[in-house]
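Trainee: A structural model of the following input is requested.
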Amino acid sequence: MPTTTKRTEPDACSLLDTDHRNVKKLFKAYEELTKSKAASSPQKKRDLANEICMELTVHAQIEEEIFYPGLREAIKESDLLDEAEVEHASAKDLIAQIQEATDIDDKFDAKVTVLGEYIDHHVKEERTQIFVKARAARGLDLVAMREQLEARKEELMAELTGAAA
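Mentor: Numbering: from 1, shown residues only. So this is what the prediction gives:
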């Protein structure tokens, strides 16, 4: 397959970036719920927070299982990937706190807000640094990786939604 500078097919980075945009919309919806007191039922907040947590958990897992290891092999510097993995660990800690929370109160809202801020920071670094390096890396088939990521994401979502049913 010839290498071109123009991306004709969606690659691993575009799949991950779609996830980023989708979760950003969920955080915005949560923020709107917190601002509209009439509509902010604790159950709506809980449901939305659970959806955010599930999306982020699956996203982090496919990055850690497939994207980051593939990228580590293709690029020399690993500082950015080390930072990304530390950011994942911090996000996972907040996700666990959100999922374990029994009260849907101001602290709960604050945890969801801070998680959103963490994710914003992480996404900026991925978009401006990690994805750029991934797309410039020689010998890294990001289109094939997208297919791997998609398949694994479907498996994980099925496991999580099946377990919740």
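Trainee: ok, which stretches of the chain are helices?
Mentor: 12-35, 42-62, 68-74, 79-100, 106-125, 131-136, 142-164 (DSSP state H).
Trainee: and the lowest-mean-pLDDT helix or strand in the chain, what other elements does it pack with?
Mentor: Sorting the helices and strands of the chain by mean pLDDT, DSSP states H and E puts helix 142-164 at the bottom, at a mean of 91. On a contact count with 3 or more C-beta pairs under 8 Å, 6 or more residues apart in numbering; DSSP states H and E, helix 142-164 meets helix 12-35, helix 42-62. Any C-beta I mention is one placed from the backbone N, CA and C, and that applies to glycine too.
Trainee: relative to M157, which of those helices is closest?
Mentor: Among the helices and strands packed on helix 142-164, helix 42-62 comes nearest to M157, with 5.9 Å by C-beta to C-beta.
Trainee: what are the buried residues along the closest one?
Mentor: Judged by neighbour count using 16 or more other C-beta atoms under 10 Å, the buried positions of helix 42-62 are 45, 48-49, 52-60, 62.
Trainee: likewise stretch 73-88?
Mentor: For stretch 73-88, by 16+ other C-beta under 10 Å, it's 74-75, 80-81, 84, 87-88.
Trainee: chain center to it, what's the gap?
Mentor: 15 Å (C-alpha atoms, centre = their mean, to the nearest Å).
Trainee: so L149 makes contact with F67?
Mentor: Yes: the pair L149 / F67 is scored as a contact, 6.6 Å apart, by C-beta atoms under 8 Å.
Trainee: hey, what's in contact with both of the two?
Mentor: Common contacts of L149 and F67, defined by C-beta atoms under 8 Å, 6 or more residues apart in numbering, comprise 12, 16.
Trainee: low pLDDT regions in the chain?
Mentor: Where the chain drops to pLDDT under 70, the residues are 1-8, 37-40, 163-165.
Trainee: wait, what's in contact with the nearest residue to N22 once chain neighbours are set aside?
Mentor: Spatially, and ignoring its direct neighbours in sequence, N22 is nearest to E55 (6.7 Å; C-beta to C-beta, 6 or more residues apart in numbering). E55 sits next to 19, 22-23, 26 when contact means C-beta under 8 Å, 6+ apart.
Trainee: can you check H59 too?
Mentor: With C-beta under 8 Å, 6+ apart, H59 has these contacts: 16, 19, 23, 153.
Trainee: quick one on the thing from earlier: which of the contacts of E55 lies closest to L140?
Mentor: For those, the nearest to L140 is D19 (19.1 Å; C-beta to C-beta).
Trainee: please tell me how far the residue nearest to N22 sits from A137.
Mentor: Between E55 and A137 the distance is 27 Å, computed by C-beta to C-beta, to the nearest Å.
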